[in-house]
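>>> Sequence first, then the predicted structure:
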Amino acid sequence: MNDGVPLGVLFGLLVVLIVLSAFFSGTETALMSLNRYRLRHRARSGHRAARVAERLLQRPDRLIGLILIGNNAVNLTAAAIVTIISLRLGGEGAILAGTAILTFVILIFGEVAPKTIAALNPSKLALPAALIYYPLLKVAYPLVWLVNLFANGVLRLLGVRPDLIASHSLSAEELRTVVAEAGVMMPRRYQRMLLSILDLDAITVDDVMVSRQDIVGVDLDLDWKDNLATIRDSEFHRLPVFRSDVDNIVGVVQVRKLLPDLASGTLDEQRLLQHTREPYFVPEGTPLNKQLLNFQQVQRRSAFVVDEYGDVQGLITTEDVLREIVGEFDRTSAPADMGITQENAASFVVDAGANVRQLNRLMNWALPTDGPKTLNGLIVEQLETIPKKGAKVTVANYPIEILDTTEHAIKSVRVRLPQNLPDEQPQAASNL
């Protein structure tokens, strides 16, 4: 071979081998860098190369074994040819120089450059390469099987199970990160909705329910004329029916079923009770995602939240759960409904009984939600006492001034936005 093969042919073979080395190195990186979920989507869409790549990646040990066999064979052959060329050109003294030059060339053109390109554009290289590797694996399978037999044996000695392919399913936190980083690929509104759905398991019915003191209903112990006025003026689709106290709940009535009797003047307590449906109770602390399924299973739209003693703590509806996902339906009227009055761009008078989560969602504030559910509870927890009128406190960088109190609770407060807002600090809603 030293005398029979021209130098031009040897140099040509060397170039081909370097190109093959780049192919093996680049496609290995490309195949291992593929987005598995995007690959799965393309495979399900009928893309032939994607289906082949997905099949190859089901056993990555075999694929890697095939690639490394090819890459090492190419590099060793290139080293042998460089040795022959060095002997031809400069004798034994040129072998060291030839080896150094080959190492540099393979490092740059056979490893770093192709792997960098593959990492930046994995699908462009991986999918065509999969069509080459699949039949190549069939041909070289005995050799690949033998290499993997010894390699997997060593791995088992080290406590690694190569037959257990790592799961590519995403946890809730990982999926939340994927959605949050979707960027321009997904409208911001849909991003917020998906993140809200993922957060449902961390939110309980206590966080979004209407507290018992705010429940509007029909008290059968009151004068019937007052109850008629409550039904006639109600803005709700359903009203609780109870006696004296919400703990003595009788049921829930749909207002629309009362309209014919109300219009004809024949509505009385007996007719009301005929349309009243028995109440549905859920324990406090129930996650919203579970409660949403419960609503579907029992085919109900509202439920009373009870504590461990069976006392009613609040009322939750499917609208409350939906509001957690999509946000407020009417942001223009919602602030007034929650007792929020805007004084200026950075100052708001707020009913202290307002739900903290609803305030944050409606006003784009960042009050803490891992403690008390109401603004009153948040302030009292921090001060450890019921403050007097004029007292001031800072909660999560929000300066709050107490405007009105009773012996048992805070009635209203003035909330000011933080003075030095970082770039990511939420601002007040602009369409108040």
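It's in. Computed from a predicted structure; not experimentally measured.

>>> low-confidence ranges in the chain?
The model of the chain has pLDDT under 70 over residues 1-4, 161-171, 174, 183-184, 328-338, 420-432.

>>> Run through the strands of it in chain order.
210-211, 218-219, 238-243, 245-254, 276-277, 281-283, 302-306, 312-317, 340-344, 347-351, 392-395, 398-405, 410-416 (DSSP state E).

>>> what packs against the fifth one?
If you count contacts as 3 or more Cβ pairs under 8 Å, 6 or more residues apart in numbering; DSSP states H and E, strand 276-277 packs onto strand 245-254. C-beta coordinates here come from the backbone N, C-alpha and C atoms, glycine included.

>>> Paired strands for the strand it packs on, with orientation please.
If you go by DSSP bridges, strand 245-254 pairs up with strand 238-243 (antiparallel), strand 276-277 (antiparallel).

>>> Compute the inter-axis angle for that strand and strand 302-306.
Put simply, strand 245-254 runs at 170 degrees to strand 302-306, going by axes from the mean of the first three to the mean of the last three Cα atoms, to 10 degrees.

>>> Can you check what angle separates strand 245-254 from strand 312-317?
Using the same axes, to 10 degrees, the direction of strand 245-254 lies 20 degrees away from that of strand 312-317.

>>> Any chance you could list what contacts strand 245-254?
212, 215, 217-218, 220, 237-243, 272-273, 275-280, 302, 304, 311-312 (Cβ atoms under 8 Å, 6 or more residues apart in numbering).

>>> Please pick the buried ones from those residues.
Neighbour counting over the contacts of strand 245-254 (16 or more other Cβ atoms under 10 Å) leaves 212, 215, 217-218, 220, 238-242, 272, 275-276, 279-280, 302, 304, 312 as the buried ones.

>>> how close does Leu14 sit to Gly93?
Remark: distance between Leu14 and Gly93 (Cβ to Cβ, to the nearest Å) = 20 Å.

>>> So between these two, which is more surrounded?
The neighbour comparison of Leu14 against Gly93 (other Cβ atoms under 10 Å) goes to Leu14, with 19 against 9.

>>> mind checking how far that one is from Asn121?
From Leu14 over to Asn121 (counting by Cβ to Cβ), the distance is 27 Å.

>>> Could you do Val5 as well?
Distance from Val5 to Asn121, counting by Cβ to Cβ: 37 Å.

>>> Alpha carbons of stretch 195-213, as PDB, please.
Extracted in PDB, the C-alpha atoms of stretch 195-213 (Å, rounded to 0.1, in the frame of the first residue of the first chain):
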ATOM      1  CA  LEU A 195     -50.900  28.300  34.000                       C
ATOM      2  CA  SER A 196     -54.100  28.900  35.900                       C
ATOM      3  CA  ILE A 197     -55.300  25.400  35.100                       C
ATOM      4  CA  LEU A 198     -52.000  24.000  36.300                       C
ATOM      5  CA  ASP A 199     -52.400  26.000  39.500                       C
ATOM      6  CA  LEU A 200     -55.800  24.600  40.300                       C
ATOM      7  CA  ASP A 201     -54.400  21.800  42.400                       C
ATOM      8  CA  ALA A 202     -52.600  24.300  44.700                       C
ATOM      9  CA  ILE A 203     -55.800  26.400  45.200                       C
ATOM     10  CA  THR A 204     -58.600  25.200  47.500                       C
ATOM     11  CA  VAL A 205     -62.300  26.100  47.700                       C
ATOM     12  CA  ASP A 206     -61.500  28.200  50.800                       C
ATOM     13  CA  ASP A 207     -59.400  30.600  48.600                       C
ATOM     14  CA  VAL A 208     -62.200  31.500  46.200                       C
ATOM     15  CA  MET A 209     -65.500  30.900  48.000                       C
ATOM     16  CA  VAL A 210     -67.900  33.600  49.100                       C
ATOM     17  CA  SER A 211     -67.600  33.900  52.800                       C
ATOM     18  CA  ARG A 212     -70.700  33.100  54.900                       C
ATOM     19  CA  GLN A 213     -71.200  36.700  56.000                       C
END
